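>>> whatever this is, show me its structure:
(one chain, ligands or ions: 1)
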Amino acid sequence: MGVVMEVPKEGEESVSYICIKCGETIPYRHIATSPEIKCPNCGYRVLKKMRPPVVKVVKAR
Ligand SMILES: [Zn+2]
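Predicted structure coming up:
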């Protein structure tokens, strides 16, 4: 018997959640370490998953 630990994949680290009730942004790290998924601000349990916008850096010549 062994202990299986879930390690978040590298891409999921940048995923964050938004509470649809109060708009609080909850980082994935907080979700991963919490026993249940809910907003730390208001306690609402419906969170919207969102990825941060990809910022493209374009160098002008
Ligand atoms: Zn909330």
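
>>> so how far is residue 57 from residue 32?
29 Å (Cβ to Cβ, to the nearest Å). In this view, the C-beta of every residue, glycine as well, is placed from N, C-alpha and C.

>>> so which of the two has more stuff around it?
Higher neighbour count among residue 32 and residue 57: residue 32, with 13 against 4, using other Cβ atoms under 10 Å.

>>> next one: phi and psi at the more buried one?
With angles defined as degrees, to the nearest 10, residue 32 sits at phi -70, psi -30.

>>> with residue 31 instead?
phi -60, psi -40.

>>> swap in residue 33?
Residue torsions, per degrees, to the nearest 10, at residue 33 are phi -100, psi 0.

>>> per-residue confidence at it?
With respect to pLDDT, residue 33 has a value of 90.

>>> what's the local residue count around it?
By other Cβ under 10 Å, 9 other residues sit near residue 33.

>>> cool, residue 47 as well?
19.

>>> touching, it and residue 39? I think so.
Yes - applying Cβ atoms under 8 Å as the test, residue 47 and residue 39 come out as touching, 6.5 Å apart.

>>> overlap in contacts, those two.
Here residue 47 and residue 39 have 19, 26 as joint contacts, going by Cβ atoms under 8 Å, 6 or more residues apart in numbering.
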